[in-house]
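Undergrad: Give me a model of this one.
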Amino acid sequence: MPSTFLSNGTVVLLATLYCAQGLPSGLIAHALPVLMRQHGVDLATIGLLKLLALPWVLKVLWAPWIDRIASPRFGHHRGWILPLQFTVLAIVLAVALLPPDALFGAYLPALLGLLLCVNLAAATQDVATDGLAVRLLPPRWRGLGNSLQVGGYKAGMIVSGSLLLLVIESWGWRNAIGMIAALLALMTVPVLLFPEKQRLPFEPARAEPAGPLLLWRHYRGFLARPGLGGWMLVVLTFKLGDALGSPMIKPLLVDHGWTPGALGQLTLISSIAGIGGAVLGGLAYARLRALRSLILFGLLQAAGIAAWAWVAQAGGDAGIVYGIALFEQIADGMSTVALFAAMMDRCRPEHEGADFTIQACAQVVLAGVIGSLSGLSAKLFGYGPHFLLAGVLGVLALGLVVRGFRPFAQGAGN
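TA: Next up is the predicted model:
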């Protein structure tokens, strides 16, 4: 059972696990589209990179087996995390050793296949990592634990996205991609040394029995619990305002004359602020607990996204833009931490990975659908009303937070 405090070992373990997930994600999402275009890859092929992220949504289909099948040698979660992380490491090393002209030319189909394997391995590992995090974190410290999740993941993406693009010309392809591989190897050490079998023994009697109907039994059991319907409405709607508003921030700034270089600098600085917001949110969560954290951080999130209407009205002054961007990213980090921590509180013993996964996937899918409508909203109403509408949607969602929490008022995380 987890202790009542957050040990230094747990902090290092979770931070490195989530940073390791962010490293390949930043490479695929931010660095490779730029590098592919520089080597003449057509835009339609670059667009396929988005499809390669499908395992992150589809993992809900195999997550129950991650919870159910344990390695007798390495432990329940380590038995999944270690081979999958080594798989990602091996693929990144292979990409580093191959010349970019070949990778983005004759070997491009093979590269896309390798990237799909990276996402498949990383998404599956994420289920095991989330399950391990739920079991390790005491309820009071799940906010700070999710600060490690959000902050570690963002840090990994910054290194393999923004930083890699900054150094690749001077370092060369092999050294720059090799840096990502070296960091992945380093991030594997804490989980390699973690004595999971002694700290967190697997209790198969509390898990779903294996079999062809495991998927149905697992999620039916999760959703049949009293109050879960109301809670899932919270999960689905809490970040819809952000999902509607945020995709139009960069188009707004481009229309106000911001250059790609200026946008890159803004993104880097605001992402670092988001990591700070995640840490601040985790510390505040320990005192405020789940319900008050969601309401307060949700209000800040709604205010941050609505504030972009000021930029739409006043223009793209750098001081105003940076002030709003930093505030909005800090609020986003805080609200994400609170939501993830509350989601952990809804996970059943020995079902942690899949229970967290179904909540996360449901939130991501609906947010993606709403985000796809953001351009239509901005076109119909204009930037200013669009961001105000997103802020109002964020405030309205907080009414569901209060209703969705009522059946869980006696839960450990509230």
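Undergrad: Mind giving me the packing neighbours of the helix ranked longest in the chain?
TA: For the chain, the helix that runs over the most residues, judged by DSSP state H, is helix 260-306. Counting contacts by 3 or more CB pairs under 8 Å, 6 or more residues apart in numbering; DSSP states H and E, helix 260-306 packs against helix 142-158, helix 240-245, helix 249-255, helix 318-345, helix 383-405. Quick note: C-beta positions are derived from backbone N, CA and C, even for glycine.
Undergrad: do you know which of those helices lies nearest Ile168?
TA: Distance to Ile168, taken as CB to CB, is lowest for helix 142-158 among the helices and strands packed on helix 260-306, at 14.7 Å.
Undergrad: C-alpha coordinates for the next helix or strand along the chain from that closest one, PDB please?
TA: The first helix or strand that comes after helix 142-158 along the chain, using DSSP states H and E, is helix 164-171. The C-alpha coordinates for helix 164-171 follow below in PDB (Å, rounded to 0.1, in the frame of the first residue of the first chain):
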ATOM      1  CA  LEU A 164      16.100  19.700 -30.600                       C
ATOM      2  CA  LEU A 165      15.200  22.100 -33.400                       C
ATOM      3  CA  LEU A 166      17.600  24.600 -31.800                       C
ATOM      4  CA  VAL A 167      20.600  22.300 -31.700                       C
ATOM      5  CA  ILE A 168      20.100  20.000 -34.700                       C
ATOM      6  CA  GLU A 169      21.900  22.200 -37.200                       C
ATOM      7  CA  SER A 170      25.000  22.600 -35.000                       C
ATOM      8  CA  TRP A 171      25.000  19.100 -33.500                       C
END
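Undergrad: Mind listing what's buried along helix 164-171?
TA: Within helix 164-171, the residues that count as buried by 16 or more other CB atoms under 10 Å are 164-165, 168.
Undergrad: Leu120 is in contact with Ala53, correct?
TA: No. Here Ala53 does not reach Leu120: they are 10.3 Å apart, not a contact under CB atoms under 8 Å.
Undergrad: Any figure for the gap between Gly382 and Ala312?
TA: According to CB to CB, to the nearest Å, Gly382 stands 7 Å off from Ala312.
Undergrad: circling back: mind putting the buried residues of helix 164-171 into TSV with distance to Leu32 and pLDDT?
TA: Converted to TSV, the buried residues of helix 164-171 look like this (distance: CB to CB, whole Å; pLDDT from 0 to 100):
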residue	distance to Leu32	pLDDT
Leu164	10	91
Leu165	10	88
Ile168	11	90
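Undergrad: Out of those, flag the one nearest to Thr267.
TA: Minimum distance to Thr267 across the buried residues of helix 164-171 is 11.4 Å, recorded for Leu165 (CB to CB).
Undergrad: residues in contact with the closest one?
TA: When contacts are counted by CB atoms under 8 Å, 6 or more residues apart in numbering, Leu165 touches 30-31, 34-35.
Undergrad: out of Gly382 and Ala312, which sits in the busier spot?
TA: More crowded of Gly382 and Ala312, by other CB atoms under 10 Å: Ala312, with 20 against 14.
Undergrad: quick one: which helix or strand includes the more buried one?
TA: Counting by DSSP H and E, the secondary-structure element that holds Ala312 is helix 308-314.
Undergrad: Buried residues of that helix, list them for me.
TA: For helix 308-314, burial by neighbour count (16+ other CB under 10 Å) applies to 308-312.
Undergrad: neighbours of Val60, just the number please.
TA: Val60 is surrounded by 21 other residues when neighbours are defined as other CB under 10 Å.
Undergrad: May I have the secondary structure class of it?
TA: For Val60, the secondary structure call by DSSP: H, G, I helix; E, B strand; the rest coil comes out as helix.
Undergrad: Let me see the contact set for it.
TA: By CB under 8 Å, 6+ apart, the contact set of Val60 is 354, 357-358, 361.
Undergrad: Those residues in helices, which ones?
TA: Taking DSSP H, the ones among the contacts of Val60 that sit in helices are 354, 357-358, 361.
Undergrad: Can I get stretch 98-108 in PDB, CA atoms only?
TA: Extracted in PDB, the C-alpha atoms of stretch 98-108 (Å, rounded to 0.1, in the frame of the first residue of the first chain):
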ATOM      1  CA  LEU A  98      20.000   6.200 -40.300                       C
ATOM      2  CA  PRO A  99      20.800   9.300 -42.500                       C
ATOM      3  CA  PRO A 100      17.900  11.800 -42.700                       C
ATOM      4  CA  ASP A 101      18.000  12.000 -46.500                       C
ATOM      5  CA  ALA A 102      17.200   8.200 -46.600                       C
ATOM      6  CA  LEU A 103      14.600   8.400 -43.800                       C
ATOM      7  CA  PHE A 104      12.700  11.200 -45.400                       C
ATOM      8  CA  GLY A 105      13.200   9.700 -48.900                       C
ATOM      9  CA  ALA A 106      13.300   6.100 -49.800                       C
ATOM     10  CA  TYR A 107      12.800   4.800 -46.200                       C
ATOM     11  CA  LEU A 108       9.900   7.200 -45.400                       C
END
